[in-house]
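> generate coordinates for the sequence data below:
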Amino acid sequence: MSFIGKKILQIRNKSNKQNRPKIDALNFEQSKTVGLFYTWEHKAKMEAVDEFRESLIAEGKEVNVLCFNPLKEDVNCIHSLFGIESLSSLGKIKSNLVEEFNSRRFDYLIVLDFELSEISSHIMSNSNAIYRVGVHSEEALDYFDLLVNVDQNAGTSQLIEQMIKYIKVIRHD
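Next up, the predicted model:
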């Protein structure tokens with residue numbers, strides 16, 4: 001990923017986040033579609049995400065998963081995957097998978113990364129999701145509707161557990 005491409009993408013994300021309408025809370029029990037986004041780190045994270053996907057499907061949700069591979073080498077991922085080569089030097093992500101993911105209307109879009117990156121910010125800024133959930137940080141305030149504070153050392157499974165705990169508390173009449 002070129003340095004210039006990352007900086008241009010970061011600037012584009014800032015301009016996009018201002019266009020989001022303010023929404024009320026969305027009742028998770030009534031939701032039908034969920035998008036999961038994560039950045040590849042290791043096989044254990046992928047497995048935790050897939051276990052989460054399976055549990056959501058068991059609850060009757062339609063679930064789509066997208067993974068970003070920041071490494072230059074190939075990884076053996078079971079989810080839809082796009083890589084660093086998709087980012088142009090002008091800060092545009094050229095990937096049909098990303099375009100399809102962002103065009104879907106999710107009731108919930110959940111980012112399963114502890115840190116917000118230029119790529120995850122782009123996904124948040126351009127998504128058609130109604131409600132966005134992520135890990136709390138100063139940078140994340142403008143991108144998410146629900147922020148969960150979880151220690152990074154807790155791991156992906158603990159992150160998922162805390163996110164679903166707080167999402168399920170949301171009630172909207």
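> helices along this structure, start to end?
Remark: helices assigned in the chain by DSSP state H are 3-17, 43-58, 96-103, 118-126, 156-169.
> now do the longest one: which elements does it pack against?
Yep, that's helix 43-58 we're talking about. Helix 43-58 sits against strand 33-39, strand 62-69, helix 156-169, with contacts defined as 3 or more CB pairs under 8 Å, 6 or more residues apart in numbering; DSSP states H and E. (C-beta placed from N, C-alpha, C; glycine too.)
> please identify the most buried of these.
Of all the helices and strands packed on helix 43-58, strand 33-39 has the most neighbours on average by mean count of other CB atoms under 10 Å, namely a mean of 23.
> residues in contact with it?
Applying CB atoms under 8 Å, 6 or more residues apart in numbering, the contact partners of strand 33-39 are 45-46, 49, 52-53, 56, 61-70, 101, 104-113, 117, 119-120, 123, 127, 129, 156.
> poorly predicted segments of this structure, please.
Applying pLDDT under 70 to the chain picks out residues 1-26, 89-91, 171-173.
> what about 80?
1-26, 84-93, 137-143, 170-173 (pLDDT under 80).
> nearest the geometric middle of it, what residue?
Nearest to the mean C-alpha position of the chain, by CA atoms, centre = their mean, lies Val111 at 2.9 Å.
> is it bridged to anything, and to what?
Beta bridges link Val111 to Phe37, judged by DSSP bridges.
> count of residues packed around Ser80?
Neighbours of Ser80 under the rule other CB atoms under 10 Å: 15.
> you'd agree it is up against Leu66?
Yes: using CB atoms under 8 Å, Ser80 is in contact with Leu66, at 5.2 Å.
> now do the shared contacts for these two.
Leu97, Phe101.
> thinking again about what came up before, list the contacts of the residue nearest to the centre of the chain.
Val111 touches Phe37, Tyr38, Ser120, Ile123, Met124, Arg132, Val133, Gly134, Val135, Phe144, counting by CB under 8 Å, 6+ apart.
> just the closest of those to Asn96, please.
Ile123 (14.4 Å; CB to CB).
> and the gap between that closest one and Val169?
25 Å (CB to CB, to the nearest Å).
> what's the answer for Lys32, then?
19 Å.
> please apply the same query to Asn153.
Counting by CB to CB, the gap from Asn153 to Val169 is 24 Å.
> my read: Lys45 touches Leu159, true?
No: checked against CB under 8 Å, the pair Lys45 and Leu159 is beyond contact range at 9.7 Å.
> now do the same end-to-end measure for stretch 103-116.
Counting by CA to CA, to the nearest Å, the length from the leading to the trailing residue of stretch 103-116 is 21 Å.
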